[in-house]
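> after the sequence you'll find the predicted model.
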Amino acid sequence: MRILFTGGGTGGHIYPIIAIKSAFGETAADKFDFYYLGPDSFAKENLNGIKAKFISAGKLRRYFSLLAPIDLIKILIGIIQSFVHLFIWMPDVVFSKGGYGSFPVVFAAWLYKIPIILHDSDAVPGLTNRKMVRFAKKIILSFDNAKKYFKPKYQNKIIVIGNPVRKELLGGNKEEARKLFKINSTKPVVLIVGGSQGAEKINEIVINTLSRFLEIAEIIHVTGEKNFKNIEKEAQKLPTYHIYPFLNTEQLKYAFAAADLIISRAGATFIFEIAAVGKPSILIPLPSAASDHQRENAFEFVNPLAGGQPRAIILEQENLTPNLFLTAISNLLNNPDKLRQMSEKAKIFYNPNTAELIRDEILQYDKKS
């Protein structure tokens, strides 16, 4: 069976693809051919075991822009490239994670009459998936609330399964993690992650509060590549402040294991990773995210059950001050019972069989079965 993946090319698209591919098992290479076709921004160095080709991609803009003609040319080039690669590979099914980079591939696949499965991670589905649903056999959602964004005539195509998480992130040992990150104090450990590209505003408030922050916690801070050098200079070398531009999968597994609390943006992929490892968290949604989807992700995740403790705390960036930031962290770290309850409810949110359930949906289009 030939399976072709596509997506926007960011970590939020690529990591779930990796998780789904892994669900086919270690001997999958004997039975399946895996391909990726899409932008090369993040995919190029992260798609082990998947044959990849890269195409031009232009944005489907919701607003007027002088760049629109250039984007249109990129889209047309991407469609032509997709036609060529799909003709050569001719997959049995196309699995799309959405994002503007997937549009040329999905469109070409539809013209070739190749079955298409869409997957959307966010509580507010992306524009590309909302437009492409008419071409798809099925759309898999991560949040039940996302169903309302599709017209009634498409509801029979929808199945809510969740967002798959790489199994390699699970099972980290706390003692080994403390050795890896050279954590020697008895203070709680706070992991701060801004997503695959980092988060400038979060980085800024961490630096502005760093001296007081380090009085109550030891910090593992993932800044993103573009912010790393400036923050490293500003922070200098502090023994309880561990700064990294990026964590690979193995490092992130141990960072999760070491953390007593996680602070992050509210991208769907990372929210589901937090849930999978069962950690309490503070979410700071990105205000400029398309359709405010990060805020919707956060509130769908946090939603308290029967009036009990929420799974996470949400801090709005627009209202975020150093005092509010530190107070929220301090209140949680000083309340072990609340941290434990948040951890338990986060764990319940994630279905560990998500990747396998999505794999089974893909296998329905195996012509040999």
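Sure thing, it's come through.
> look up how far S56 lies from L76.
9 Å (C-beta to C-beta, to the nearest Å). Placement of C-beta: from N, CA and C, glycine included.
> okay, those two: which has more neighbours?
Of the pair L76 and S56, S56 is the one with more neighbours under other C-beta atoms under 10 Å, namely 18 against 13.
> can you pull the contacts of the more buried one?
Going by C-beta atoms under 8 Å, 6 or more residues apart in numbering, S56 touches K74, I75, I77, G78, Q81, P104.
> would you write a ChimeraX line that selects the buried entries of those residues?
A single ChimeraX command selects the buried members of those (16 or more other C-beta atoms under 10 Å):
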select :74,75,78,81,104
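> for the contacts of S56, which one is nearest P239?
K74 (47.8 Å; C-beta to C-beta).
> what about the residue nearest the centre of the chain, helix or strand, and which?
Geometric centre of the chain, nearest residue: T269, 2.4 Å, by C-alpha atoms, centre = their mean. Take DSSP states H and E as the rule and T269 turns out to sit in helix 268-277.
> so which elements touch that helix?
Using 3 or more C-beta pairs under 8 Å, 6 or more residues apart in numbering; DSSP states H and E, the elements in contact with helix 268-277 are helix 11-22, helix 249-258, strand 261-264, helix 293-302, helix 336-349.
> please repeat the previous calculation with a cut-off of 7 Å.
helix 11-22, helix 293-302, helix 336-349 (3 or more C-beta pairs under 7 Å, 6 or more residues apart in numbering; DSSP states H and E).
> can you redo those helices as a markdown table with mean neighbour count?
Formatted as a markdown table, the helices and strands packed on helix 268-277 follow (neighbours: other C-beta atoms under 10 Å):
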| stretch | mean neighbour count |
| --- | --- |
| helix 11-22 | 24 |
| helix 293-302 | 23 |
| helix 336-349 | 16 |
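> quick one: closest of those helices to A199.
helix 293-302 (10.7 Å).
> now the closest one and helix 268-277, what's the angle there?
Calculated by axes from the mean of the first three to the mean of the last three C-alpha atoms, to 10 degrees, helix 293-302 forms an angle of 20 degrees with helix 268-277.
> now the angle from helix 293-302 to helix 336-349?
Using the same axes, to 10 degrees: helix 293-302 against helix 336-349 is 100 degrees.
> what about dumping the CA coordinates of helix 293-302 to CSV?
Extracted in CSV, the C-alpha atoms of helix 293-302 (Å, rounded to 0.1, in the frame of the first residue of the first chain):
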residue,chain,number,x,y,z
HIS,A,293,-7.4,29.0,17.1
GLN,A,294,-4.8,28.8,19.9
ARG,A,295,-7.2,30.5,22.3
GLU,A,296,-10.0,28.0,21.3
ASN,A,297,-7.5,25.1,21.7
ALA,A,298,-6.7,26.3,25.2
PHE,A,299,-10.3,26.7,26.4
GLU,A,300,-11.3,23.3,24.9
PHE,A,301,-8.4,21.7,26.8
VAL,A,302,-8.9,23.5,30.0
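> need the contact partners of it.
Here helix 293-302 makes contact (C-beta atoms under 7 Å, 6 or more residues apart in numbering) with 122-124, 143, 145, 265-268, 271, 283, 285-286, 310-312, 314, 349.
> how distant is it from the center of its chain?
The chain centroid and the centroid of helix 293-302 are separated by 13 Å under C-alpha atoms, centre = their mean, to the nearest Å.
> picking that back up, and the angle from the helix holding T269 to helix 11-22?
Using the same axes, to 10 degrees: helix 268-277 against helix 11-22 is 50 degrees.
> residues contacting helix 268-277, please?
Outside helix 268-277, the residues touching it (C-beta under 7 Å, 6+ apart) are 11-12, 15-16, 121-122, 142, 162-163, 165, 169-170, 193, 195, 256, 262, 264, 281, 297, 301, 346-347, 349-350.
> same question for it, mean pLDDT?
The average pLDDT within helix 268-277 is 96.
> just the angle between it and helix 249-258, please?
Angle, helix 268-277 to helix 249-258, by the same axes, to 10 degrees: 50 degrees.
> by contact count, what packs against whichever helix in the chain runs longest?
Determined from DSSP state H, the single longest helix within the chain is helix 68-89. Using 3+ C-beta pairs under 7 Å, 6+ apart, the elements in contact with helix 68-89 are strand 33-38, helix 103-111.
> for K153, find the nearest of the ones you listed.
Closest among the helices and strands packed on helix 68-89, using C-beta to C-beta: helix 103-111, at 17.0 Å.
> and the closest one, what does it pack against?
helix 68-89, strand 93-96, strand 116-120, helix 127-132.
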